[in-house]
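In: Next come a sequence and a model predicted from it.
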Amino acid sequence: MRFRILFSIAGKEDQGLRFFMKYTGGPPSVSDMLYFLVLLKAETDSVLPALIVESVILTGYVGEDLSSSSGATADLTDDTPGTLAAGDQPNQVAVVSSYEISRRYRGGHPRSYWPLGDSGQMSSDSTWSTTFVNSCQSAIASVLDSLPAATSGSTTIDNHCNVSYYEGFTSVENPITHRYRNVPTLRGTPLVDTVNSIVVRNYIGSMRKRRPKTS
C-alpha cells in the first residue's frame, strides 16, 4: 500500500510525502483503506502539530492498494494547523527521515521530507537542534508505527517498506541536439525492501518543489 500525508504550506496546497506498507491477507476494500487512514490521521494529529509552524496545515491522507491496477483507493480530509510560532521557514525547508534497509546500492536511498520546524528549532544555519531532532524522531516513528498490525476485513498491515521501481539507466540521444540524457530503466517487477529503522537527520533538508512558482 502507498500512503500519503498532505499539507498546505504557506497557502500552497497538496504538498506532501508518501511511504509504503506491506500487507498480508486479502486486498483491502475502500472501507478497509478508510479505516487505516483514520488510524493514521489520529496519530498524525496527535504528534505532528507541535512540530509544525502555524502557516502549515495538515489537510488530508490518501491510501492506495498497489497490488493491482484496480486496487482500492481512499482519501480522508483534515484541517489541523501547526502550533509552532517562533517564525516561518522558507517553503522548501524540511526535516529528513532516512529509512534504513538491508540492501546496499549506489545512489539515493529511501527517505521522506517532512515540513516540520520553525526558526526557533535551529542550532545553526544548516542544522536542527538536538532536542528538536529527538522530538521529530519520536513523532515520525509514532506516525509510521500506527499502521503495522492494524487489521480490517481480511487485510492486515505488515510492516513499513521501501519500493524500488527503477534500476540503472539507458543513455538516450536527442536526435536534434545530439545530446544524451540518462533515462531510468523500469524494473519488470518492483523490488520491495523492509525498512529496519528510521533515522531523523540533524541537517536541514530542502524540497524545492514546495516553493511557489514565480512565472
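Out: Perfect, I can see it now.
In: got the residue ranges for the strands in this protein?
Out: 2-9, 12-25, 56-64, 73-81, 93-100, 111-114, 151-152, 155-173, 180-194, 197-206 (DSSP state E).
In: among these, which is nearest residue 141?
Out: For these, the distance to residue 141 is smallest for strand 197-206, at 5.3 Å, taking C-beta to C-beta. The way it works is simple: take the backbone N, C-alpha and C, and place the C-beta from them, glycine included.
In: tell me the mean pLDDT for that closest one?
Out: The pLDDT scores in strand 197-206 average 96.
In: Residues contacting it, please?
Out: Outside strand 197-206, the residues within contact range by C-beta atoms under 8 Å, 6 or more residues apart in numbering are 92-100, 113, 117, 122-123, 126-128, 130, 133, 136-137, 140-141, 144, 160.
In: got the CA coordinates for that strand in CSV?
Out: Included here for strand 197-206 are C-alpha records, laid out as CSV according to Å, rounded to 0.1, in the frame of the first residue of the first chain:
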residue,chain,number,x,y,z
SER,A,197,14.9,1.5,11.2
ILE,A,198,14.1,5.2,10.9
VAL,A,199,16.8,7.8,11.4
VAL,A,200,16.0,11.6,11.5
ARG,A,201,18.9,13.6,10.3
ASN,A,202,20.1,16.8,12.0
TYR,A,203,20.8,18.7,8.8
ILE,A,204,18.1,20.9,7.3
GLY,A,205,16.7,19.3,4.2
SER,A,206,15.2,21.0,1.1
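In: List the buried residues of it.
Out: By neighbour count with 16 or more other C-beta atoms under 10 Å, strand 197-206 contains the buried residues 198, 200-202, 204-205.
In: In this structure, where is pLDDT below threshold?
Out: Low-confidence segments of the chain, defined by pLDDT under 70: 212-215.
In: Grab the longest helix from it for me.
Out: Criterion DSSP state H: the longest helix present in the chain is helix 30-47.
In: what comes into contact with that helix?
Out: The contact list for helix 30-47 (C-beta under 8 Å, 6+ apart) reads 1, 3, 5, 28, 58, 61-65, 72-76, 78, 80, 138-139, 142-143, 146-147, 150, 152-153, 155, 157.
In: Right, I'll leave it there.
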